[in-house]
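*Asks:* need a 3D model of the sequence below.
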Amino acid sequence: MPKKYKYHLSTLASKNRKTPTEAEKKIWNLLKNNQMECRFRRQHQIGNYIVDFICLDKKLIIEIDGGQHDESVLDIQRTEFLNSEGFKVIRFWNNEVLNNIEGVYEVITKNL
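*Replies:* This next block holds a predicted model:
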């Protein structure tokens, strides 16, 4: 990967950490400070992608999606790549996180 492109992704990841969506803020409150007995990072770069949340020890990625992700071919390709790297990807819609955080919590704990 060209150095210029890698720098661009790390800059974008940093920007994303500074300006999270409401759903990302809500789920980060569950994940931060090892509250789930696993260290999560947010806006972490893997290859040419930036994932919303990741637990490297458990190889679990959590993606929070808005309507723009509805059956996206690019999201399918991205998930296939991440799976091929040994990661499990679970996705939640923004409205799931905002309206049913308890259910989201249950799904995450089952996958850990």
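
*Asks:* please name the residues that touch the residue positioned nearest the centre of the chain.
*Replies:* Central residue of the chain (Cα atoms, centre = their mean): residue 52, 2.5 Å from the mean position. Contact partners of residue 52, counting by Cβ atoms under 8 Å, 6 or more residues apart in numbering, are 24, 42-43, 61-64. Just so you know, the C-beta spots here come from the backbone N, C-alpha and C atoms, and that holds for glycine as well.

*Asks:* again, but for residue 44
*Replies:* 13, 50-51, 53-54.

*Asks:* top of those by neighbour count?
*Replies:* Neighbour count (other Cβ atoms under 10 Å) singles out residue 54 as the most crowded of these, with 25 neighbours.

*Asks:* where does that residue sit: helix, strand or coil?
*Replies:* strand (DSSP: H, G, I helix; E, B strand; the rest coil).

*Asks:* please enumerate the strands of this structure.
*Replies:* 41-46, 49-55, 60-65, 88-93 (DSSP state E).

*Asks:* from the contacts of residue 52, which is closest to residue 81?
*Replies:* Residue 81 lies nearest to residue 61 out of the contacts of residue 52, by Cβ to Cβ, at 11.1 Å.

*Asks:* that closest one touches residue 88, doesn't it?
*Replies:* Yes - assessed by Cβ atoms under 8 Å, residue 61 is found in contact with residue 88 at 6.9 Å.

*Asks:* between the two, which is the more surrounded one?
*Replies:* Neighbour totals were compared for residue 61 and residue 88, and residue 61 leads with 26 against 15 (other Cβ under 10 Å).

*Asks:* okay, the more buried one: pLDDT?
*Replies:* pLDDT for residue 61: 97.

*Asks:* show me which of the contacts of residue 52 is closest to residue 18.
*Replies:* Lowest distance from residue 18 to these (Cβ to Cβ) belongs to residue 43, with 9.3 Å.

*Asks:* isn't the closest one up against residue 49?
*Replies:* No - the pair residue 43 and residue 49 does not pass the contact test of Cβ under 8 Å, sitting 10.8 Å apart.

*Asks:* who's more crowded, the two?
*Replies:* Between residue 43 and residue 49, counted using other Cβ under 10 Å, residue 43 has the larger neighbour count: 20 against 16.
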